[in-house]
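>>> could you work out the structure for the sequence below:
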Amino acid sequence: MRYPMSFTMAQFKHRRKMEKLGNKRFPTVLMLEPLYTCNLACIGCSVERHTGKLKDRMSLETCFKAVDDCGAPIVNICGGEPTLYPELKELIEGLIKRDKHVIVCTNAIKLDSKFFGNIPPHPNLFLMIHLDGMRKTHDYVCNKEGVFDRAVEMIKQGQKLGYTIYINTTVFKETEVSEVEELCKMAEELKARGILVSPGYEYESVEKDVFLTREQIHDKFKNIRDFSGKYRISATPVYLEFAAGLRELPCAPWSTVNYTPMGWKAPCYLVGDKFTADWETFWKDTNWEYWESRVDSHCQNCKMHSGFEHSAVEEAMKTVGGTLRLTAWSLG
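Here you go, the predicted structure:
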């Protein structure tokens, strides 16, 4: 299966629970950023996500309150670099006790010193390791030589130790489609559980012009879609059709909500400079209908996985054929 059965069932049960309650909108993933501190300054990352001070990190109590208020079954710990969060072990233990599925989104540099041997493997725990291309491209994006080799070394070590590992790659303007396929092949050779491929999004605070136009996204993802069936790409067929410009989807910003050291970020993980301290105000005051429409200028070139995968699944499940296709993909 693309994802472990328990992970898939947690999403399914949560969806059914929300539907029975009559909730049209509900979060399925919480992007939890306990700190804005990082050991890299990647050219595709917004400035605030790597310049924070460690002293300004969130407390465990604050993290757990956000998780409980949100109610999403999946918590993606990101940042910043999660392995720099001193309380990471206690955070993960607390999330697993809450029966959450936990994804740690990491550049892998500190895994052997901060994670391996300290936080044991668990069926509900997944490592999502960034590889934004092969060696030359990834080191360029990370703005530091040797990061690619380090990440590959950590993937191999993590596999031997029994961790469930996924790879996450962002496609930029300079990324060749042939390199994406090479990376997919490497992910299989490394025995990663899957690889998530998504087009980069143009943060306002990113200085270098590395992002794709809408047309460039379509061109690259039409080619990526052509070979996607050969690999365990962790994006649904409908999402890949959307990324290739073969269909339209509404955004679902409420499906992947973001809690940061500054509070709940509206409207989504990618867009917005409005932060709200409490969940109820964030949820009730955000104009979800407006952001779903994608009419805002910030949304014109966005086809990020975090905003549209929920809509892709909803679209697939509207028909028997679509549901069967989604099921076959999940089992692949």
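
>>> from here on, contacts and neighbour counts on C-alpha atoms
OK.

>>> show me the strands in the stretch 151-300 of the chain, by range?
All strands of the stretch 151-300 of the chain, identified by DSSP state E, counting those that start in this stretch, fall at 164-171, 194-199, 256-260, 263-266, 274-276.

>>> other SSEs contacting the longest one?
So the one you mean is strand 164-171. strand 125-130, helix 147-161, strand 194-199 (3 or more C-alpha pairs under 8 Å, 6 or more residues apart in numbering; DSSP states H and E).

>>> just tell me which of these ends up closest to Y290.
Y290 lies closest to strand 194-199 among the helices and strands packed on strand 164-171, at 22.7 Å (C-alpha to C-alpha).

>>> wait, F282 touches K274, no?
No - contact criterion C-alpha atoms under 8 Å: F282 and K274 do not qualify, at 9.5 Å.

>>> so which helix or strand takes in M31?
strand 29-32 (DSSP states H and E).

>>> next structured bit after that strand?
Per DSSP H and E, the first helix or strand lying C-terminal to strand 29-32 is helix 60-70.

>>> pLDDT on that following helix, on average?
Mean pLDDT, helix 60-70: 98.

>>> okay, the angle between it and strand 256-260?
Put simply, helix 60-70 runs at 160 degrees to strand 256-260, going by axes from the mean of the first three to the mean of the last three C-alpha atoms, to 10 degrees.

>>> and helix 60-70, how far from the chain's centre?
Taking C-alpha atoms, centre = their mean, to the nearest Å, one finds helix 60-70 lying 19 Å from the centre of the chain it belongs to.

>>> partners of whichever helix or strand comes after it, with directions?
Downstream of helix 60-70, the next assigned helix or strand under DSSP H and E is strand 74-77. Take DSSP bridges as the rule and strand 74-77 pairs in its sheet with strand 29-32 (parallel), strand 101-106 (parallel).

>>> for H50, which of those strands is the nearest?
Nearest to H50 among the strands paired with strand 74-77 is strand 101-106; the distance by C-alpha to C-alpha comes to 12.6 Å.

>>> could you give the angle of that closest one to strand 164-171?
Orientation check (the same axes, to 10 degrees): strand 101-106 against strand 164-171 gives 50 degrees.

>>> which residues are contacting strand 101-106?
If you take C-alpha atoms under 8 Å, 6 or more residues apart in numbering as the criterion, strand 101-106 is touched by 7, 73-78, 81-83, 92, 95-96, 124-130.
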